[in-house]
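**Q** What follows is a predicted structure for the sequence shown.
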Number of protein chains: 2
Amino acid sequence: MSNRERRATISDVAKAAGVSTSTASVVFSGKVNVAEATRERVLAAASELGYTGPDPRAASLRRGRSGIVGVVLAGHLRHAFLDPVTTAMMDGLTDALADVSTGILLLRDDPFGGEAPPIAEAPMDAVVLIGCSDRIREAVEIVRRRGMPAVVIEGDGDDDLTEISLDNREASAMLARHLADLGHTRVASVALPLGPQRLRGLITPDRLDDATVGVTLDRLAGFRDVYPDAPVISTAGSLIDEGLAAGRTLLGDPETRPTAIVAQSDLLAVGVIRAAEEIGLRVPEDLSVVGFDGIAVDGLGSHELTTVVQPALEKGRAAGEQIARMLAGEPGESVHFTVQFRPGETTAPPARPFR
Amino acid sequence: MSNRERRATISDVAKAAGVSTSTASVVFSGKVNVAEATRERVLAAASELGYTGPDPRAASLRRGRSGIVGVVLAGHLRHAFLDPVTTAMMDGLTDALADVSTGILLLRDDPFGGEAPPIAEAPMDAVVLIGCSDRIREAVEIVRRRGMPAVVIEGDGDDDLTEISLDNREASAMLARHLADLGHTRVASVALPLGPQRLRGLITPDRLDDATVGVTLDRLAGFRDVYPDAPVISTAGSLIDEGLAAGRTLLGDPETRPTAIVAQSDLLAVGVIRAAEEIGLRVPEDLSVVGFDGIAVDGLGSHELTTVVQPALEKGRAAGEQIARMLAGEPGESVHFTVQFRPGETTAPPARPFR
DNA sequence: TTGTATGCGTTATCAT
DNA sequence: ATGATAACGCATACAA
C-alpha cells in the first residue's frame, strides 16, 4: 500500500515483525527451526509489506550460487531444437538438474565476439556444452578460468574435461558392415554438416581439412573403415528436406546410382527414402538405406528404418548428473555411451544387375 | 599459479596494479575513460592473478539486473520444442532480446509445487509466459508482486498486462467460412488440447467447462461461429501422429464421414491428410482439409496446404521488444497480430453424394 | 530458539 | 583521470 519507491527488504520485514534479520531470513530459507509464532509474525509482516521473498540476486552473491546452469548449443536455436536428438537430451538434462537448478540458461553461441561473450558474464554455476564445434575451445577455456564445472556432450575432448560421448565411429562402421554383409559394394553416404558454414555437396579431401564437427567426422570415419572410397555428400543439417536433396543428387544418375546409402541421421535417411520413392525406386529392393539415432519421427511409423539407437535422453541425463556431482564438490566423470543396432525393413541384398 | 584457495577479486587486481578498486572496475566496465597506461597495468595484473572479470553475481546485486530473461513454457520442454511455432517464437524472442539479455532462462512450468516455484526464485529481470494455461494466473501474480516486467504470449489477458495476441477466432471463422463457401455442410474439426491433461476424444459441452487453453477455445469458437454443431475431436498436442489418429476416428465410418475437416494446426492437418490417404480418400476431391499456422513442415512440400499463416517469429520478436521497452522503464504495450489466409490445394467443393 | 556481526564482490556517486 | 566510500540484500558463524 505504500511501497511506491523502494521494494521491501528482509530487514524491513524483520523490523516490522519485531525480530532480527537473521530470524526473518531463516523463516524464508527454512533451514533452521523457528517458533511457529514468530514464523507467522514474520510472514504476516512480509505480506503486509508486499515482500515476496529474498532477492535472488543478493542470495546468489551471498551463497556463491545462482542456481542456474547454462547450456551452449551449436548454431541457432531454431536449428538446435529442430533436432529430436537435441530435444531429448535437453529433456534428460533438465530432468537430472531439477534438484540443483532453477532453470536452464540458453546461451547463444556467441555470434561474432561482441566484446564479452555471454558465457563469460552470465551468472551461472555450471555449463553444458552441446555438440559444439570450433568455438567450443574458447568456450571451454573461459569456463575453466572462471572455475566453473563444465560438461561437454559430444565435443572433442582432447582435454581432461568431463565429457559425454558416443561410439559414433564404431556404430557407423557397424552399419556399413551390415550393408557389406548383405553384399553391397556400390554404397554412398549422406553426412551431417562438416563445419559451421554447413556447406552442401560432395566431400573432397580438402574439405575435410576444414571440418570441425566431431560427430560428422567420427561417423564418416566409421563408414570409411568399411567403404574407404565411397562418395559422401554433406548436408546443411539433420533434416528430412536435406536428406531429400542429397538423395536426389546421389540417385539422379542411373549409371552411378548406389545400391545402398548410409545416412548419418534418421531424418536424413527419411529424406533419402523419399528421394528414392520419387523416382520410383523401391526400398529396400532397389535401394537399402540405414540411418542413425533411433528417434521417433513424428508422422512416421518409425518402426521400419534400419538404424542404430542412441540413448539421447540418457546422454542429457548423464550430463546433468555429472553437473550435479561437480556442484557437490565431487570430480566429474566422463561417460561413454554405445548405440544399439536396430534392424528394420529398409535394407536387403542388392538387386542382381542385368536381370 | 597460486590461487588455490580463493579466487581473485577486483580489489586484489586493483591492489596488484596499484590502483583503486573503482579504477579497476571501470577498466572492465569500460564506462569511463581510463588512461591507456593504467588500463594495461590493470589488465596485466588481472591476467597475472587469473582474474576473468567481474563476478556476475556480485554485479547483478549491485546493478539490480542480472541480464537474464525467463521464459515459461506450458508443459514439458520436449513438447514445447516439438512445435515449430514455438521454436519460431523463441527465435524471434532471442533475437529481440540479444541486446538486453545474456540469455534465455528456460523455466520449467513448476510441476507440482515444490514449495518455491522457480519463477519465484530465479534471478531474472523479466519474464515471458508462452501459451500458458492454468498456472499462468499464479505465475503472473508472483511475477507482478516481484515487480518484474512480464509479457504473455497468447495467454488469457483479462488483466492489464502486456500481451501478444493473435486473431485466433476470426482466423478460424475465416477458414470455416472458406469451406462453407465451397459448399461443405458436413464438417468436423480436430482441435489442440483443451487442458493440461491433454485428453483425446470428442469434445462434449461438459468437457468445455474444464477447458483452460485459450488458443484452443478461441479457434474452436471461430469454427463454431460457422458450424455450431459440428463434431470436434481434441488431441494431445500439435503433432502429425495426433492428427493421424483423430483423422482415423473421424473418417472411419463412411456413413458419418465429413466432407471437410478443420484442423487447428498444420501438423494436425498433415496427419488428417495421411489418415485420408490411408483409406483411399483423395484430398481435396473426397475430403477438404485446412490447417492453421503456415509453418514449414520439414519433409513436406508445405506449399499445398490451405491454411492461415501466423507471424510466429514476429510474435516472439514483439514479446522481446516489449520486454526491452519495459526494462528501459517505458510501459509495455500489448500487440495484436493477425493471420493471413493462404489458399492451397487441399480444399475443393464437396463431391456430389449419390452419383 | 533468537540475535549480532560480518562480508559476499561489485559499482555508482561524489570528490579530488 | 583517479580514488574513497557507501551501499546492493542477504545468509551464515557464532554467541546468547
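**A** Noted; the coordinates are in hand. From a predicted model like this one, the values you see are computed outputs, not experimental measurements.
**Q** who's in contact with A:Ala8?
**A** Residues counted as contacts of A:Ala8 (CB atoms under 8 Å, 6 or more residues apart in numbering or on different chains) are A:46, A:49-51. (Each C-beta comes from the backbone N, C-alpha and C, glycine too.)
**Q** Please repeat the previous calculation with a cut-off of 7 Å.
**A** Residues counted as contacts of A:Ala8 (CB atoms under 7 Å, 6 or more residues apart in numbering or on different chains) are A:49-51.
**Q** Tell me the secondary structure of it, please.
**A** Under DSSP: H, G, I helix; E, B strand; the rest coil, the three-state class of A:Ala8 is coil.
**Q** Okay, it and DNA strand D: tell me how far apart.
**A** 8 Å (CB to the nearest atom of the strand, to the nearest Å).
**Q** swap in A:Ser234?
**A** 51 Å.
**Q** Tell me where the stretch 201-350 of chain A has strands.
**A** A:201-202, A:232-234, A:260-263, A:288-290, A:307-309, A:335-337, A:340-342 (DSSP state E, counting those that start in this stretch).
**Q** Would you reformat these as a markdown table and include distance to chain B and mean neighbour count?
**A** Below are the strands of the stretch 201-350 of chain A laid out as a markdown table (distance: least, CB to the nearest CB, whole Å; neighbours: other CB atoms under 10 Å in any protein chain shown):
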| stretch | distance to chain B | mean neighbour count |
| --- | --- | --- |
| strand A:201-202 | 20 | 13 |
| strand A:232-234 | 18 | 23 |
| strand A:260-263 | 13 | 31 |
| strand A:288-290 | 15 | 28 |
| strand A:307-309 | 16 | 23 |
| strand A:335-337 | 19 | 15 |
| strand A:340-342 | 19 | 13 |
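**Q** Could I get these in JSON lines, plus columns for mean pLDDT?
**A** Formatted as JSON lines, the strands of the stretch 201-350 of chain A follow (pLDDT from 0 to 100):
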{"stretch": "strand A:201-202", "mean pLDDT": "94"}
{"stretch": "strand A:232-234", "mean pLDDT": "97"}
{"stretch": "strand A:260-263", "mean pLDDT": "98"}
{"stretch": "strand A:288-290", "mean pLDDT": "97"}
{"stretch": "strand A:307-309", "mean pLDDT": "97"}
{"stretch": "strand A:335-337", "mean pLDDT": "97"}
{"stretch": "strand A:340-342", "mean pLDDT": "96"}
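**Q** quick one: which of these is nearest DNA strand C?
**A** Closest to DNA strand C of the strands of the stretch 201-350 of chain A is strand A:335-337 (CB to the nearest atom of the strand; 31.2 Å).
**Q** who's in contact with the closest one?
**A** A:164-166, A:310-311, A:314-315, A:318, A:322.
**Q** in chain A, what secondary structure element scores lowest on mean pLDDT?
**A** The weakest-scoring helix or strand in chain A, judged by mean pLDDT, DSSP states H and E, is helix A:77-82 (a mean of 75).
**Q** Buried residues in it, which are they?
**A** Neighbour-count burial for helix A:77-82, with 16 or more other CB atoms under 10 Å in any protein chain shown as criterion, is recorded at A:77, A:79-82.
**Q** Between the two ends of stretch A:43-55, how far is it?
**A** The straight-line separation of the ends of stretch A:43-55 (CA to CA, to the nearest Å) is 16 Å.
**Q** hmm, back to that, what's the least confident helix or strand of chain A packed up against?
**A** Helices and strands touching helix A:77-82, by 3 or more CB pairs under 7 Å, 6 or more residues apart in numbering or on different chains; DSSP states H and E, are helix B:84-97.
**Q** Is the helix it packs on positioned near chain A?
**A** Yes: with CB under 7 Å from any CB of the partner chain as the criterion, chain A is reached by helix B:84-97 at B:87, B:90-91, B:94.
**Q** relative orientation of that helix and helix A:84-97 in degrees?
**A** Computed by axes from the mean of the first three to the mean of the last three CA atoms, to 10 degrees, the angle separating helix B:84-97 from helix A:84-97 equals 70 degrees.
**Q** Parallel or antiparallel, list what pairs with the helix or strand following helix B:84-97.
**A** Toward the C-terminal end, the helix or strand that comes next after helix B:84-97 (DSSP states H and E) is strand B:103-107. The strands beside strand B:103-107 in its sheet (DSSP bridges) come out as strand A:103-107 (antiparallel), strand B:68-73 (parallel).
**Q** Make a markdown table out of these and add distance to DNA strand C and mean pLDDT.
**A** Putting those into a markdown table (distance: least, CB to the nearest atom of the strand, whole Å; pLDDT from 0 to 100) gives the following:
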| stretch | distance to DNA strand C | mean pLDDT |
| --- | --- | --- |
| strand A:103-107 | 19 | 92 |
| strand B:68-73 | 16 | 92 |
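**Q** I'd like those strands as a markdown table, with distance to DNA strand D appended.
**A** Formatted as a markdown table, those follow (distance: least, CB to the nearest atom of the strand, whole Å):
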| stretch | distance to DNA strand D |
| --- | --- |
| strand A:103-107 | 17 |
| strand B:68-73 | 16 |
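**Q** quick one on the thing from earlier: restrict the contacts of strand A:335-337 to those that also contact DNA strand D, please.
**A** Filtering those for proximity to DNA strand D by CB under 7 Å from any atom of the strand leaves nothing.
**Q** between those, which is nearest DNA strand C?
**A** Comparing the contacts of strand A:335-337 against DNA strand C with CB to the nearest atom of the strand places A:Gln322 closest, at 24.6 Å.
**Q** In contact with the residue nearest to that closest one when sequence neighbours are not counted, which residues?
**A** Leaving aside its sequence neighbours, A:Gln322 sits nearest to A:Gly332 (CB to CB, 6 or more residues apart in numbering or on different chains; 4.6 Å). By CB under 7 Å, 6+ apart, A:Gly332 lies in contact with A:149, A:151, A:162, A:322, A:325-326.
**Q** Give me the distance between A:Gly332 and B:Val213.
**A** Using CB to CB, to the nearest Å, A:Gly332 is found at 41 Å from B:Val213.
**Q** which among the residues of helix B:84-97 next to chain A gets closest to B:Ala116?
**A** Using CB to CB, B:Met90 comes nearest to B:Ala116 of the residues of helix B:84-97 next to chain A, at 25.5 Å.
**Q** you'd agree that closest one is up against B:Arg317?
**A** No: using CB atoms under 7 Å, B:Met90 makes no contact with B:Arg317, being 10.6 Å away.
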